[in-house]
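> Okay, sequence plus prediction incoming.
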Amino acid sequence: MACYQPVLKLAALSGTRVVNNPFWRIADDKFFDAALAERLGIHVPRTFVLPSHSWGEGVTSESLTNLALPIDWQRIADELGFPMYLKPHCCGGWGDVHRVSSLEELFGAYDRSGCETMPLQEEIAWTQYVRCIVVGREEVLPALWDPRRWHYDRYVCADESMPPLAREQVDELSGLSRKLCRALGYDMNTIEWAIRGGVP
């Protein structure tokens with residue numbers, strides 16, 4: 001939670017080792033993470049970042065002259081295709097993530113997003129979904145995971161709906177997860193991989 005960040009930064013300043021580095025959190029968000037992954041040669045969903053639907057107190061249209069408005073919604077829809085996902089740019093997890101299947105649904109979700117900056121991503125139709133738990137930037141445990149299920153039931157066993165991971169996949173996902181954690185400076189992390197056509 002953000003309310004802990006000032007205390008954690010003070011602890012780090014006093015010599016306490018804080019895991020994960022609280023100073024990195026200011027730079028870390030979903031849009032930046034996607035751009036960083038792409039720069040590292042990792043496949044990412046096609047992504048747009050949308051300006052906030054609403055403006056905070058004191059912000060006027062004159063403050064935003066660098067934005068190209070109105071948003072070209074049809075171009076975005078043509079590039080990403082439906083369904084797509086609208087999600088908050090900050091904070092991990094699946095909170096306030098919207099799967100939208102039409103412009104009308106997109107407008108409704110965007111209208112409710114308030115002052116939050118929202119990335120919009122194409123849907124990846126995956127055959128396997130894997131969550132890699134990373135500790136110490138080196139130790140990686142890949143596990144089949146199904147984000148469509150409820151929280152307590154997301155880790156799954158291989159079956160006809162989700163094939164098991166081959167040894168080569170485990171090695172590839174572990175290597176990619178290490179690469180991301182090193183670049184992000186994370187000592188502990190979980191990274192989710194949607195595998196489409198054999199490509200994570």
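On my side now, so go ahead.

> What's the separation between the spatially most central residue of the chain and residue 164?
For the chain, the residue sitting closest to the mean C-alpha position, by CA atoms, centre = their mean, is residue 30 at 4.2 Å. Separation of residue 30 from residue 164 (CB to CB, to the nearest Å): 29 Å. For glycine as for every other residue, the C-beta is placed from the backbone atoms N, C-alpha and C.

> again with residue 106
From residue 106 to residue 164 the distance is 36 Å (CB to CB).

> Can you pick out the residue with more neighbours from the two?
Each of residue 106 and residue 164 has its neighbours counted (other CB atoms under 10 Å); residue 106 has more, 22 against 11.

> how about low-confidence regions in this structure?
1-2, 25-27, 91-94, 152 (pLDDT under 70).

> mind checking the longest helix of it?
helix 167-184 (DSSP state H).

> where do the strands sit along the chain?
Counting by DSSP state E, the chain has these strands, from start to end: 47-50, 84-86, 98-100, 118-122, 128-135, 139-144, 188-195.

> Figure out which of these is closest to residue 12.
Closest to residue 12 of the strands of the chain is strand 188-195 (CB to CB; 15.5 Å).

> buried set for that closest one?
For strand 188-195, burial by neighbour count (16 or more other CB atoms under 10 Å) applies to 189, 191, 193-195.

> OK, contacts around residue 41?
Residue 41 sits next to no residue when contact means CB atoms under 8 Å, 6 or more residues apart in numbering.

> give me that answer again for 10 Å
Applying CB atoms under 10 Å, 6 or more residues apart in numbering to residue 41 gives the contacts 176, 179.

> Also residue 36?
27-28, 42, 44, 180, 183-184.

> Make JSON lines out of the residues you listed and add neighbour count and distance to residue 171.
JSON lines is the format used below for the contacts of residue 36 (neighbours: other CB atoms under 10 Å; distance: CB to CB, whole Å):
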{"residue": "27", "neighbour count": "11", "distance to residue 171": "29"}
{"residue": "28", "neighbour count": "17", "distance to residue 171": "26"}
{"residue": "42", "neighbour count": "18", "distance to residue 171": "15"}
{"residue": "44", "neighbour count": "16", "distance to residue 171": "21"}
{"residue": "180", "neighbour count": "20", "distance to residue 171": "15"}
{"residue": "183", "neighbour count": "15", "distance to residue 171": "19"}
{"residue": "184", "neighbour count": "21", "distance to residue 171": "21"}
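
> Looking at those residues, spot the one nearest residue 53.
When these are compared against residue 53 (criterion: CB to CB), the nearest one is residue 28, at 22.7 Å.

> can you pull the contacts of the closest residue to the closest one other than its chain neighbours?
Excluding its sequence neighbours, the residue lying closest to residue 28 (CB to CB, 6 or more residues apart in numbering) is residue 184, at 6.6 Å. By CB under 10 Å, 6+ apart, the contact set of residue 184 is 20-21, 24, 27-28, 32-33, 36-37, 134, 137, 191.

> Mind putting the strands of the chain into CSV with distance to residue 172?
Formatted as CSV, the strands of the chain follow (distance: least, CB to CB, whole Å):
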stretch, distance to residue 172
strand 47-50, 22
strand 84-86, 24
strand 98-100, 27
strand 118-122, 22
strand 128-135, 10
strand 139-144, 10
strand 188-195, 9
